[in-house]
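Student: With the input below, show me the fold.
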Amino acid sequence: MTTKTVIANRAVEKWGKSTSLNEVYQKLKKIYSNMSPQVPLIIDNNGDIKAIFTIDGVKIGVETQGDPYSRIFESIDDFIKEGCELIVCACRTRGATIEKVRDLRKNGYRIIWAPNYSCNQNSAHKILNDLYVSSIVQMMDDVLKGRL
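Tutor: The predicted structure is shown next:
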């Protein structure tokens, strides 16, 4: 991996950002037996995750909170301080959270905006979310292997 990267799930309130990224983290744990935590995993009362771990020698930070006045601000600072080369996070479409993510460019990160898939048909929600989770995990794998 040569390019520091952020994969940001950018969407409005109640769009399923945290839920999807929690599922990404759980899927990563199943796929990568060599995934080793660097700092204690934080899971809050809402099930939101903050994690720093290593896969194939690459330090990764995941933050599922992306709302204003949430932990995302502290987490991004921690990810930079810990030397994370890949960051996966949630953020809103405007305001302080998206600006915090955009500011990562100053630290040499490229940003891939990757919002949840959506459809106005409720019956499609689970299928679309499963596809989204798989696509983010694949995207992360492509970044780790230098293909993206």
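Student: For the rest of this, base every contact and every neighbour count on C-alpha atoms.
Tutor: Fine.
Student: packing partners for the host helix or strand of Ser135?
Tutor: Assigned by DSSP states H and E, Ser135 belongs to helix 125-144. Packing partners of helix 125-144 (3 or more Cα pairs under 8 Å, 6 or more residues apart in numbering; DSSP states H and E): helix 17-31.
Student: Run a quick neighbour tally on the nearest residue to Asp142 once chain neighbours are set aside.
Tutor: Nearest residue to Asp142, sequence neighbours excluded (Cα to Cα, 6 or more residues apart in numbering): Leu148, at 5.3 Å. Residues lying near Leu148 (other Cα atoms under 10 Å) number 13.
Student: where exactly do the strands run in this structure?
Tutor: 5-10, 36-37, 42-43, 49-55, 58-63, 86-91, 110-113 (DSSP state E).
Student: now the ones you listed as CSV including mean pLDDT?
Tutor: Output for these, formatted as CSV (pLDDT from 0 to 100):
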stretch, mean pLDDT
strand 5-10, 97
strand 36-37, 72
strand 42-43, 76
strand 49-55, 93
strand 58-63, 95
strand 86-91, 97
strand 110-113, 98
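Student: and the ones you listed, which is most packed in?
Tutor: strand 86-91 (a mean of 26; mean count of other Cα atoms under 10 Å).
Student: what about the residue nearest in space to the middle of the chain, distance to Gln65?
Tutor: With distances taken as Cα atoms, centre = their mean, Val88 lies nearest the centre of the chain, 2.1 Å away. Per Cα to Cα, to the nearest Å, Val88 is found 11 Å from Gln65.
Student: Ile76 now?
Tutor: From Ile76 to Gln65 the distance is 11 Å (Cα to Cα).
Student: Settle it for me: which of these two has more neighbours?
Tutor: Gln65 (28 against 22).
Student: my read: that one touches Ile49, true?
Tutor: Yes - if you go by Cα atoms under 8 Å, Gln65 and Ile49 touch, sitting 7.4 Å apart.
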